[in-house]
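*Asks:* show me the folded form of this:
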Amino acid sequence: MIVDAHVRLGRGREVSLDADQLIATMDSLGIDVALVAPDERCIAYDNREGNERVAAAAAASRGRLIAYAVANPWRARAALDELDRARDAGARALNVDSVLQGFDLLDGLIDPLLEFATEAGWPVYVRTGTPPSALPLPLASLARRWPETPFVMGRSGATDFWIDAAPALHYAPNLYGDTSYAPWDTVLVELGRDQDIGPSRLIFSTDAPYTVPRSELRRVLDWPIDDDARRDVLGGTIMRLLRASHG
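*Replies:* Below is the predicted model of the structure:
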C-alpha cells in the first residue's frame, strides 16, 4: 500500500486541487490512500468550511482519502469545539501551520489542541521551513513536550532548513520526517547506519498541489533501501500511526 501523508484540497493562493483531480493522480501513480487537509485560507481562518470540505471528500472516496482536522488555536475553546466536530465527521489527524495561523510553536498557544490530539490518539502534521516560527528544531522541542504524540515534520524544513531535519529526528524520537522537498537522498546512507534514525522514521508525502507528485514518488522508489524499509516509508509507518489512534 502506498499512502500519501499530506495533500491540501481547495484553492490556494498559487495552486488548487479538488478531490477528483487528486484521485485521478493517485490512480495514475498507484497511490492507494491520501491524507487530505484544507487549503491555506481554511487553515488560517475558515476552519469549519475546510474541515467540512475534506470530510465530505473523504466520506465520498470509499476509503481512498483520510481527513485531517484544522483549527486556529487563537480561537481557544471554539478551536477545540471545531476539532470535536471534525472528529465526529471522520477526521483522524491534526494539521498545524503555525505561519498561516500566526503563532510560535513553543509559545504554548497550540498546547490545548495537542492535548486534544493526544487524547484522541491522533498524529500531528506540522509544516516546517519558514523562519522564525516553523522550524525543525523548535518542532523537535515541542514533540519532546508531548512524548506520547507522534509528530510529522511537514516538508522537513524545506527548503533552507532541511539540514536541521536529521538533528531534529535525533532529538525527538516521536518525530517523523516528511519526504517531500527535502533532499533525504543526500543523508540516506547516514540514516541507514544510524541506530536511532532509519527509513522507518520517514513518511512519504507529495505535498500536492505544491509539487510534482510523480517526481516525489519516483524519488522514494529509487532510494537504495530494502523492500521492508521502502514499505515503511511509502505507507507502513503512517498507517501504523493512524491505526494506533483507533485501537
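*Asks:* center of the chain, which residue is that?
*Replies:* For the chain, the residue nearest the mean C-alpha position is Tyr125 (3.6 Å; CA atoms, centre = their mean).
*Asks:* sec struct for that one, please.
*Replies:* Judged by DSSP: H, G, I helix; E, B strand; the rest coil, the three-state class of Tyr125 is strand.
*Asks:* now the helices: where do they sit in this protein?
*Replies:* 19-29, 40-44, 47-60, 77-88, 98-101, 111-120, 136-145, 165-171, 188-193, 213-221, 227-231, 237-244 (DSSP state H).
*Asks:* ok, of the ones you listed, where does mean pLDDT dip lowest?
*Replies:* Lowest mean pLDDT within the helices of the chain: helix 188-193, at a mean of 52.
*Asks:* quick one: residues contacting Val54.
*Replies:* Each residue near Val54 by CB atoms under 8 Å, 6 or more residues apart in numbering is listed here: Leu9, Val36, Ala37, Pro38, Leu65, Ala67, Tyr68, Ala91. For the C-beta atoms, the positions are set from N, CA and C on the backbone; glycine is no exception.
*Asks:* closest one of those to Ser133?
*Replies:* Closest to Ser133 out of those is Ala37 (18.5 Å), distances taken as CB to CB.
*Asks:* the closest one and Ala5 touch, don't they?
*Replies:* No. Taking contacts as CB atoms under 8 Å, Ala37 lies outside contact range of Ala5: 10.4 Å.
*Asks:* which residues do these two both contact?
*Replies:* With CB under 8 Å, 6+ apart as the test, Ala37 and Ala5 both reach Tyr125.
*Asks:* and the closest residue to the residue nearest to the centre of the chain other than its chain neighbours, what pLDDT?
*Replies:* Nearest non-adjacent residue to Tyr125, counting by CB to CB, 6 or more residues apart in numbering: Val152, 4.5 Å away. Looking at Val152, its pLDDT stands at 98.
*Asks:* next one: Val152 from Val126, what distance?
*Replies:* 7 Å (CB to CB, to the nearest Å).
*Asks:* equivalent analysis for Ala58, please.
*Replies:* Taking CB to CB, one finds Ala58 at 21 Å from Val126.
*Asks:* neighbours of Ser61, how many?
*Replies:* Ser61: 18 surrounding residues under other CB atoms under 10 Å.
*Asks:* returning to what we had before: among the helices of the chain, which is nearest Ile203?
*Replies:* In terms of CB to CB, the element of the helices of the chain nearest to Ile203 is helix 237-244, at 5.0 Å.
*Asks:* so what touches that closest one?
*Replies:* 1, 3, 5, 33, 35, 66, 92-93, 121, 123, 150, 152, 176, 200-204.
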